[in-house]
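Q: would you be able to build a 3D model of this:
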Amino acid sequence: MASTGNSNLLNTNTGIFKQDAFIVLVKTEWNANIVDELEAGCLRILKQYNARVEVLIVPGCVEIPFAINRHWNKAKQQFDEPHAYIALGAVIKGDTPHFDYVCKMVADGILQLNLMLPVPTIFGVLTVNTEEQAVERIGGKHGHKGEEAAITALKMLE
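A: Residues are numbered from 1 along each chain as shown. Okay, the predicted model is just below:
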């Protein structure tokens, strides 16, 4: 999801769209000003397709894979399995290697979920060097990554 100029992602005539899908958004409290706008973009798109949405809030990006795995296991027991998960967060580089560790952990965790669960987990986590770059990805020159995450989820449904 690097840019909108080199992709057919926004072409909603392709993919496996499902009306009335059940989508779970897992968003972080960290960098809330950015993440809340990612969520708003997701919700705008999902509303257009009558998706039922549940939102889970976790402290930071590292906690996202745990929350999704835990939610899936509970939902499975209650026969209310989501059709997809969307992970939303923003990791902004600072002066320490913490950025690299967090990005790797969340990316690896979401990869594991995609290999383990029978439903997709969409990577809607911004990993940027500056807050300005994050803002460019929530409606600026790089499009709206929250909207793109929702479109990706809808295209991945069976």
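Q: quick one: average pLDDT of stretch 88-106?
A: Stretch 88-106 shows a mean pLDDT of 95.
Q: ok, and for that stretch, which residues are buried?
A: Residues 88, 89, 90, 91, 92, 93, 99, 102, 103, 105, 106 are the ones in stretch 88-106 that count as buried (16 or more other Cβ atoms under 10 Å). Glycine gets a C-beta too; all of them are placed from N, C-alpha and C.
Q: got a markdown table for the residues you listed, with distance to residue 29 and secondary structure too?
A: Conversion of the buried residues of stretch 88-106 to a markdown table gives the following (distance: Cβ to Cβ, whole Å; DSSP: H, G, I helix; E, B strand; the rest coil):
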| residue | distance to residue 29 | secondary structure |
| --- | --- | --- |
| 88 | 11 | strand |
| 89 | 9 | strand |
| 90 | 11 | strand |
| 91 | 13 | strand |
| 92 | 14 | strand |
| 93 | 19 | coil |
| 99 | 18 | helix |
| 102 | 14 | helix |
| 103 | 18 | helix |
| 105 | 17 | helix |
| 106 | 14 | helix |
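Q: ok, so of these, who is nearest residue 132?
A: residue 92 (9.7 Å; Cβ to Cβ).
Q: pLDDT weak spots in the protein?
A: 1-7, 9-19, 158 (pLDDT under 70).
Q: name the element the residue lying farthest from the centre of the chain belongs to?
A: Distance from the C-alpha centroid of the chain peaks at residue 95, with 25.6 Å (Cα atoms, centre = their mean). Residue 95 is part of no helix or strand when elements are defined by DSSP states H and E.
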